[in-house]
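1. no sequence on hand, only this structure:
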């Protein structure tokens, strides 16, 4: 049981941006970007030693501005993008850039966190994703499973596809799409679908969710009023190509089949305030993680709409021979959609949750006050899913 | 021998005078061996020869013994004693003889007298015998004389009868003809029947043969006519049965007649049915009572007649059952069609009366035809009609409820007037300024009381209507269905409980449908319905169910929904509605706040001179919501220290606490402190659930709405970057909100805390955090 206790790490600054280091599949590593208007912002590299339950951190300086969004390249461990606020005299503009982490950060890690914070290394700028023509960047998305050559930035009402060339030092505009409509439309979130050969993108603006075909850069579906209020985040089911989860200010998490957009497949209403982040587990898509400004993180088990709704099929074959097997099946049946756990370690709004890219049973959540909490899926459930 | 009695007396005491007489007899008795009871006594020493009284007494031995044993004196005494005894015995004997002599004398006299009497009697007996002999002789002589005449008379009377019979026979053809002419078929058949056997017997004689043939011819003709009449079918059922009876007597085959009879009856009954059907289509022309009346008077009574006459005629009912069942089925289908036409729920009494008549008339069939399924089928129809009726009433109640809701919607949508100051007692200047309420003529409480009152009335009237089904004077009300299932399952469960459930469900639907598609339901309606459901939970449900149970004396054979279950459901609905109300109202205000934060350029704003209009709007709206909720819900409980709250406490808060709290965050050296402080604060304050369920009172509702609004404000602020004046504007706005919002919530600390957070977050997000002077803020807010 000790192992199941949460591990908490505190940052000195407020923070919103969290990502797992996607390309890293051995070490459990998260990247956190801080938000501070007065000090140099930092990127904290959080390494979690699963065996000893110890957190190791390294700090990189991010002098360009406060970080609103961070994402790591799926191909190169050292490369990441951030969206940051650049403040000139009277304007605040959110820009995006591709960075490379200094190669020696790992070697230069110190036992004492004070040393590293005193003498932090700096990120190496690879290139800017020039957004002067497009407006504030909400987020940057890497091509999932890709070679780290393509990114999409969502800026105000534009979705811009970039090709990174010359080992990411140069970003050339590949194509772009613009959201037209009444009023000031603004993308709030987006997700690059890992299915269909990575040709689809889903974006959220206000209460609508839209799907885009990246080949033609045209809209392929639109779920109007997907949520009662603003849609805050999206995620694709990693195993079921048409399934999509969304969350928003109506405190709900909705699961959509994009072929049937009139009604959500399922709706969860477990949070008591806006839900800011929703994430499917990469391996077991019945596990869905949500973070909300009610300071809670909720882990749900959405068996009925997962890619393995009846557990392992092998088991069924083995068991169907005798009647006892059927009884056991029935006893298994109560594994219905349910809330596995509500994590209340945070005391401020949780704006980001992420699964580890290395350990599918581990996840991190980040609240505004800079508290990072690493939790595990309860062991009982883990064995139930595995066995 | 003289010595014997002497020896005997020697043993008896001589001086027993009073019993002397008895003793004399006693001694005699003794001698003859009899005791007092006349029984012979076995004497013990009877073998002793010296015992003078014993049978073996030997005088010689006795004398010798005396002589040997006694002295002279003793002998002398013995002798005198014995003499005395002998004398006594003698006198005794004399007395006895005398007494018995008298008796002999009288007996002799009696015998003599009897001898004389018998002689006289013998003479009289002789006389009697002679007389009797004379009588016998006379009698024999008379009967001998009369014998001849008697035989003659008998013969004559026989001839007379015969002649009359013959006359009847000879006259028969003429008579039959006449009957035929007069159509007196019954007489004809009767006459013929009487003559038939005789004619049959004497048919070998030519004259009778002739008559018989004539009769046959006439009767054939008659039968022909009867059949004709029968076939015509125009005549009444009574005539028809008469025909059949006559034909039966004429030895027509019963089976065939039976079939014919039934087919005729059928054709006539079918005309009845067609009449009914014509009345039905295309649409019923008469009301149901008339229809049923007609059905009963024509079809059912004719059917009864047919049944009765059939049974009378054929004494069997095998075919009759099939026949009746087939026709009744058609009749029932017509009745059911007609009942189904009865859709209007206005007057139930007509339907009940019609059903009652229908049912009552079928009882006649039941009596006539005991084994028939017809009455039970009829009862089933009544049961089905009752069930159908309950469904219709439920639908009517539901549509009534929905109509009332539509009315309320319209009333709410009617142009709102500005609330007069009297309506907002506690609102003060602000409320008067611009709070808008729903004060078109009917106010919310009026609407609520109207709604619940009219629903209750409707339920009551429906119950009254349904109650007619179980009235005592209704024949089917004592059927087991109407006693049990109808009351418990039908009325209670399917009508009342279903309706209450419907209310709860439709209320819940308001929450769900309105949730995603925005406020299609006016919030006031949500509030009103929530109060309605709450009222139902507290009193109305139990009242309605008690009313129902009392009216229908429901005996719960089957499990019924308990009151508590319904109450929980109602409470859940009320809770859900109120939560939804809070959510909707909160969202409206949130939306204003969000827009106001998102659309402004906070970096390049000018120095604040006023509270932003949107904040005033927020306070106004909150006030009007407060008024609205206050109309329907009680005040609720505030935290104790709020009673002395006023502007003063607020200024204390803002001047002292605020400055203490924010001071560190503006000094660049200590970035940790803010986190620390706010974390410490959070450690000691309870977690705030924003969209959490509220309690059923005004304060809780308002607290919920304000929480939602302020939390939105906070989150929006955190997404923006502020310039110096942007922060100051937020300070002013928050101060303004603080001034007015604390009075609405249960715990003003909550408002303080959230506003602190907002200002704190704004300060964090500020590029040049230099806060405004508290006094300046106050001045600006005072100015409005």
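-> Looks like it came in fine. Remember, predicted model here, so these are calculated numbers, not experimental data.

2. C-alpha from now on. contacts and neighbour counts both.
-> Will do.

3. and chain A, which of its residues are near chain B?
-> By Cα under 8 Å from any Cα of the partner chain, the part of chain A that sits against chain B consists of A:12-13, A:36-38, A:90-92, A:225, A:227-228, A:272-273, A:294, A:347, A:369.

4. among these, name the ones in strands.
-> Within these, residues falling in strands by DSSP state E are residue A:92.

5. now, of the residues of chain A next to chain B, which are buried?
-> Among these, those scoring as buried are A:12-13, A:36-37, A:92, A:225, A:227-228, A:272-273, A:294, A:347, A:369 (criterion: 16 or more other Cα atoms under 10 Å in any protein chain shown).

6. out of these, flag the one nearest to residue B:353.
-> Top of the list for closeness to residue B:353, among these and by Cα to Cα, is residue A:228 at 55.2 Å.

7. hmm, residue A:250 and the closest one touching each other?
-> Yes - assessed by Cα atoms under 8 Å, residue A:228 is found in contact with residue A:250 at 5.6 Å.

8. quick one on the thing from earlier: and the least confident of the residues of chain A next to chain B?
-> Across the residues of chain A next to chain B, the smallest pLDDT goes to residue A:90, namely 74.

9. let me see the contact set for the spatially most central residue of chain B.
-> Centre of chain B computed as the mean C-alpha position; nearest residue by Cα atoms, centre = their mean is residue B:483, 2.9 Å away. Residues in contact with residue B:483 (Cα atoms under 8 Å, 6 or more residues apart in numbering or on different chains) are B:470, B:477.

10. what pLDDT does the model give it?
-> Residue B:483 is assigned a predicted lDDT (pLDDT) of 71.

11. same check on the one 5 residues further on?
-> Residue B:488 is assigned 75 on the pLDDT scale.

12. now residue A:248: how far from chain B?
-> From residue A:248 across to chain B, the span is 12 Å (Cα to the nearest Cα, to the nearest Å).

13. mean confidence for stretch B:775-784?
-> Model confidence over stretch B:775-784 averages 82 on the pLDDT scale.

14. what does it rub up against?
-> With contact meaning Cα under 8 Å, 6+ apart, stretch B:775-784 is reached by B:609-611, B:731-732, B:735-736.

15. just the buried ones from those?
-> When neighbours are counted using 16+ other Cα under 10 Å, the contacts of stretch B:775-784 contain these buried positions: B:610-611, B:731-732, B:735-736.

16. tell me, which of those make contact with chain A?
-> Here nothing survives when the buried ones among the contacts of stretch B:775-784 are matched to chain A using Cα under 8 Å from any Cα.

17. now the residues you listed as JSON lines including pLDDT, distance to residue B:320 and secondary structure?
-> Putting the buried ones among the contacts of stretch B:775-784 into JSON lines (pLDDT from 0 to 100; distance: Cα to Cα, whole Å; DSSP: H, G, I helix; E, B strand; the rest coil) gives the following:
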{"residue": "B:610", "pLDDT": "84", "distance to residue B:320": "100", "secondary structure": "coil"}
{"residue": "B:611", "pLDDT": "85", "distance to residue B:320": "96", "secondary structure": "coil"}
{"residue": "B:731", "pLDDT": "89", "distance to residue B:320": "99", "secondary structure": "helix"}
{"residue": "B:732", "pLDDT": "89", "distance to residue B:320": "98", "secondary structure": "helix"}
{"residue": "B:735", "pLDDT": "89", "distance to residue B:320": "96", "secondary structure": "helix"}
{"residue": "B:736", "pLDDT": "89", "distance to residue B:320": "94", "secondary structure": "helix"}
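
18. looking at the residues you listed, which is nearest chain A?
-> For chain A, the closest of those turns out to be residue B:731, at 19.0 Å, with distances computed as Cα to the nearest Cα.

19. touching, that closest one and residue B:761? I think so.
-> No - between residue B:731 and residue B:761 there is no contact, the gap being 11.0 Å when judged by Cα under 8 Å.

20. coming back round to it: among the buried ones among the contacts of stretch B:775-784, which one lies nearest to residue B:335?
-> Using Cα to Cα, the shortest approach to residue B:335 within those belongs to residue B:736, at 75.1 Å.

21. contacting residues around that closest one?
-> For residue B:736, the set of contacting residues under the criterion of Cα under 8 Å, 6+ apart consists of B:611, B:615, B:781.

22. now do 6 Å
-> Residue B:736 is in contact with residue B:781, counting by Cα atoms under 6 Å, 6 or more residues apart in numbering or on different chains.

23. what's the domain layout of chain A?
-> Described in terms of automatic domain parsing, the domain architecture of chain A consists of the residue ranges A:8-187, A:202-222+A:234-387.

24. how about chain B?
-> If you go by automatic domain parsing, chain B breaks into B:3-163, B:247-372, B:394-585, B:600-783.

25. make JSON lines out of these and add distance to residue A:101.
-> Supplementary listing: the domains of chain B in JSON lines, determined by distance: least, Cα to Cα, whole Å:
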{"stretch": "domain B:3-163", "distance to residue A:101": "150"}
{"stretch": "domain B:247-372", "distance to residue A:101": "81"}
{"stretch": "domain B:394-585", "distance to residue A:101": "44"}
{"stretch": "domain B:600-783", "distance to residue A:101": "26"}
